[in-house]
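In: Using only what follows, build the 3D model:
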Amino acid sequence: MKQSVDITNREELRKLLLLLDPQTVPLWGKMKPQQMVEHLVDQVEWTNGKKIPTCDRPADEAYRSKQVMIYTDAEISKNVFLENLPESYKYADIETAIDQLMKELDAFDQYFKEPGTTAIHGGFGPMNYKEWLIWHGKHFAHHFKQFGLIK
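Out: Next comes the predicted model:
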């Protein structure tokens, strides 16, 4: 599989994120570094039981999309724009946002401890822990590339 971030290696993940300078200009897109980290926090909350997601696509269409995005080397396109950026930050600084992301990832692991647990992806439908590891890995890699944290 093409480049992905191992979200289970929290020490390495934290080290990479702490390399972010809050003033770093993205290689593409409009996000600022703290907005990106807060976006990841938000996205993980949809997969750890804190937020209740729904899938807005027909089941067969969601299934086909999941097969492509989870089970192939397909990458997330640059400049995908799915939501407006918030006008203010939720956390006091980028370090606090990174700490929160680590907490949400720990909650993600705990949420999936019960065998058979799934969480809904808005475009792919129900996904298990392994599928979420793949998707989060691709999603984190997408944003890490955006800020030059990985090539």
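In: buried residues in the one helix or strand Phe140 maps to?
Out: Using DSSP states H and E, Phe140 sits in helix 129-146. Residues 129, 131-146 are the ones in helix 129-146 that count as buried (16 or more other Cβ atoms under 10 Å). Yep, even glycine has a C-beta here, placed from its N, CA and C like the rest.
In: And stretch 61-81, by the same measure?
Out: Buried, per 16+ other Cβ under 10 Å, within stretch 61-81: Ala62, Ser65, Lys66, Met69, Ile70.
In: how many other residues sit next to Ala119?
Out: The local packing of Ala119 (other Cβ atoms under 10 Å) involves 20 other residues.
In: Which residue comes closest to it once chain neighbours are left out?
Out: Thr47 (4.5 Å; Cβ to Cβ, 6 or more residues apart in numbering).
In: mind listing what Leu16 touches?
Out: Val5, Phe144, Leu149, Ile150 (Cβ atoms under 8 Å, 6 or more residues apart in numbering).
In: still on that earlier bit, mind exporting the helix holding Phe140 as PDB, just the C-alpha atoms?
Out: Extracted in PDB, the C-alpha atoms of helix 129-146 (Å, rounded to 0.1, in the frame of the first residue of the first chain):
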ATOM      1  CA  TYR A 129     -11.000  -1.300  13.400                       C
ATOM      2  CA  LYS A 130      -8.700  -2.500  10.800                       C
ATOM      3  CA  GLU A 131     -10.500  -0.600   8.100                       C
ATOM      4  CA  TRP A 132     -10.400   2.600  10.200                       C
ATOM      5  CA  LEU A 133      -6.700   2.100  10.800                       C
ATOM      6  CA  ILE A 134      -6.200   2.100   7.000                       C
ATOM      7  CA  TRP A 135      -8.400   5.100   6.500                       C
ATOM      8  CA  HIS A 136      -7.000   7.200   9.300                       C
ATOM      9  CA  GLY A 137      -3.500   6.200   8.100                       C
ATOM     10  CA  LYS A 138      -4.300   7.500   4.600                       C
ATOM     11  CA  HIS A 139      -6.100  10.600   6.000                       C
ATOM     12  CA  PHE A 140      -3.200  11.500   8.400                       C
ATOM     13  CA  ALA A 141      -0.700  10.900   5.600                       C
ATOM     14  CA  HIS A 142      -2.700  13.200   3.300                       C
ATOM     15  CA  HIS A 143      -2.400  16.100   5.900                       C
ATOM     16  CA  PHE A 144       1.200  15.300   6.900                       C
ATOM     17  CA  LYS A 145       2.200  15.600   3.200                       C
ATOM     18  CA  GLN A 146       0.200  18.900   3.100                       C
END
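In: Kind regards, and thank you for your time.
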